[in-house]
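K.L.:
No letters, just coordinates:
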């Protein structure tokens, strides 16, 4: 007979005779302390009815009324100026427009100041934070909400390190801290004239051209156009003021000036974007005959490909059956090809050449603006203090003006020569040039000492 476990009666109140359970020990993954986001939000106290609050409200309302009255007055003044320009005679239109531009600039400053002040007042009444970036842009404030934590967190903003436990107040722009003004575009006053074909062989001097202009347009005096010079295609002039500039380019005056100075057209200064297209065919072959590629054909094809009319087209560098064409536009255009067989267009930029200023300062500079002392190409001494013949006939010991080595200026291995990197000319810094000159000076002195020793050793 199998053994069985004896059954015992169950005690109903067994829990009453045991001790109370102790609280469980906290585990590593359990949260200890106050959970974030459960801190009660303190009640907002409405300061309405207090004397300070009423004084602030009254002051802000007064500021709004003054701003409204100021805007109404400025609008009326602007309308009066527009009516003044509209009703002015034709000979006074230009001067009236100049007065209108100056007046509008003044009004814009006042309107900008009023808009900033109004945005500040509205943000203060809403109770939101004052952000100077939003005030200047005319948009409303942005209120950032964060979870409440037991400790305060510091966050960095654009204006420094601040504590975002309460709203921040920023003062509006005042006279001591004015709002930065946008730079005004300046008009290039240079005017270029294209001479008639055949007149460049015997051209008039700038003084005679100035006299012809003043005789053709009596309103222009010789003092108004002091700068007048010759160009490869004609001549150029730069008036003193914008008023004289507009007077020269006026339709009737421009025709009189062209007739008096034997030129075909007066042109303003324009920025051209020139593109280089290689491997352009010289002849377009077809069943009915071939067609020679000319400037007119290239202009038409470039306008079809880009949608913009070129201002100049010319070819250079013919190689067999293809040529290189340079096409200029008044604006940038996307990459294109000609006749479906040329290379893609590449923006052509003039690269500054690295040339030695000889005769001159014997360094790599701009000869047109260089004001340095002229030096000998061989010994580097100033021409004013040089003894004997200079240049190749100089009998003194050679000294490079750039690196101070025992070589003539501009030698092939000169360490002071500027280099070209990524299409730009890179020059040495003052510290780098000084170190090179110290080393080369020591080398030159050692060479001179060795040559002197050899001469003394000879019988």
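P.N.:
Great, that's in hand. Please read these numbers as outputs of a predicted model, since none were measured by experiment.

K.L.:
Identify each of the helices in the stretch 351-459 of the chain and give its residue range.
P.N.:
Assigned helices in the stretch 351-459 of the chain, in chain order: 430-457 (criterion: DSSP state H, counting those that start in this stretch).

K.L.:
same question but for the chain, I mixed them up
P.N.:
51-86, 93-126, 132-137, 206-216, 242-249, 251-261, 295-306, 430-457 (DSSP state H).

K.L.:
From the recorded domain assignment, give the ranges for this protein.
P.N.:
60-138, 191-268, 273-347, 383-457 (automatic domain parsing).

K.L.:
quick one: the last one to chain centroid distance?
P.N.:
How far domain 383-457 lies from its chain's middle: 39 Å, per C-alpha atoms, centre = their mean, to the nearest Å.

K.L.:
The second one too?
P.N.:
Counting by C-alpha atoms, centre = their mean, domain 191-268 is centred 32 Å from the centre of its parent chain.

K.L.:
Same question for stretch 351-363.
P.N.:
That offset, for stretch 351-363, works out to 29 Å (C-alpha atoms, centre = their mean).

K.L.:
what's the answer for stretch 372-383, then?
P.N.:
Using C-alpha atoms, centre = their mean, the offset of stretch 372-383 from its chain centre is 39 Å.

K.L.:
repeat for stretch 85-104
P.N.:
Remark: stretch 85-104 is offset 32 Å from the chain centroid, using C-alpha atoms, centre = their mean.

K.L.:
Residue 359 is nearest to which of the domains of the chain?
P.N.:
Of all the domains of the chain, domain 383-457 sits nearest to residue 359, with 7.8 Å by C-beta to C-beta. The way it works is simple: take the backbone N, C-alpha and C, and place the C-beta from them, glycine included.

K.L.:
State the mean pLDDT of that closest one.
P.N.:
Across domain 383-457, pLDDT averages out at 88.

K.L.:
start to end distance for that domain?
P.N.:
34 Å (C-alpha to C-alpha, to the nearest Å).

K.L.:
can you check stretch 405-424 too?
P.N.:
26 Å.

K.L.:
With the flanking residues excluded, which residue is spatially nearest to residue 344?
P.N.:
residue 335 (5.0 Å; C-beta to C-beta, 6 or more residues apart in numbering).

K.L.:
ditto for residue 239
P.N.:
That would be residue 245: by C-beta to C-beta, 6+ apart, it lies 4.8 Å from residue 239.

K.L.:
The domains of the chain into CSV, with extra columns for distance to residue 373?
P.N.:
What follows is the domains of the chain, written out as CSV (distance: least, C-beta to C-beta, whole Å):
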stretch, distance to residue 373
domain 60-138, 47
domain 191-268, 27
domain 273-347, 38
domain 383-457, 7
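
K.L.:
rank those domains by pLDDT, which is bottom?
P.N.:
Among these, domain 60-138 scores lowest, at a mean of 69.

K.L.:
tell me which residues in stretch 197-205 are buried?
P.N.:
residue 204 (16 or more other C-beta atoms under 10 Å).

K.L.:
which residues are in contact with that stretch?
P.N.:
195, 212, 230, 233, 234, 235, 261, 262 (C-beta atoms under 8 Å, 6 or more residues apart in numbering).

K.L.:
before we move on, what about stretch 426-437?
P.N.:
364, 403, 404, 415, 416, 418, 419, 420.

K.L.:
Would you point out the most distant pair within the residues you listed?
P.N.:
Checking the contacts of stretch 426-437 with C-beta to C-beta, the most distant pair is 404 and 420, at 23.1 Å.

K.L.:
more neighbours, these two?
P.N.:
Comparing residue 404 with residue 420 by other C-beta atoms under 10 Å, the one with more neighbours is residue 404, at 21 against 12.

K.L.:
thinking again about what came up before, need the contacts of stretch 426-437 in TSV (columns: distance to residue 323).
P.N.:
Listed next are the contacts of stretch 426-437 as TSV, based on distance: C-beta to C-beta, whole Å:
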residue	distance to residue 323
364	34
403	43
404	47
415	41
416	40
418	33
419	32
420	27
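
K.L.:
how about the domains of the chain, which one is nearest residue 53?
P.N.:
Comparing the domains of the chain by C-beta to C-beta, domain 60-138 comes nearest, at 10.8 Å.

K.L.:
burial measure for the spatially closest residue to residue 243 that is not a sequence neighbour, as a count.
P.N.:
In this structure, residue 243 finds its nearest non-sequential neighbour in residue 94, 6.9 Å apart by C-beta to C-beta, 6+ apart. Neighbour count of residue 94, defined by other C-beta under 10 Å: 14.

K.L.:
Please name the residues that touch the residue nearest to residue 239.
P.N.:
187, 189, 191, 239.

K.L.:
Out of those residues, which end up buried?
P.N.:
189, 191, 239.

K.L.:
Next one: residue 186 relative to residue 245, how far apart?
P.N.:
12 Å (C-beta to C-beta, to the nearest Å).

K.L.:
Show me how to select, in ChimeraX, the buried members of the contacts of stretch 426-437.
P.N.:
Written as a ChimeraX command, the selection of buried residues from the contacts of stretch 426-437, which uses 16+ other C-beta under 10 Å, is:
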select :364,403,404,415,416,418
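
K.L.:
Go through the contacts of stretch 426-437 and flag which are in strands.
P.N.:
Using DSSP state E, the subset of the contacts of stretch 426-437 located in strands is 419, 420.

K.L.:
Pick the one among the contacts of stretch 426-437 closest to residue 299.
P.N.:
residue 420 (33.6 Å).

K.L.:
I'd assumed residue 354 was in contact with that closest one.
P.N.:
Yes: in this structure, residue 420 is within contact of residue 354 by C-beta atoms under 8 Å, at 6.9 Å.

K.L.:
Okay, residue 421 and residue 427: tell me how far apart.
P.N.:
Distance of residue 421 to residue 427, given as C-beta to C-beta: 11 Å.

K.L.:
try residue 381
P.N.:
For residue 381, the distance to residue 427 - C-beta to C-beta - is 24 Å.

K.L.:
Neighbour count for these two, which is higher?
P.N.:
Neighbours per residue, other C-beta under 10 Å: of residue 381 and residue 427, the larger number sits with residue 381, 17 against 13.
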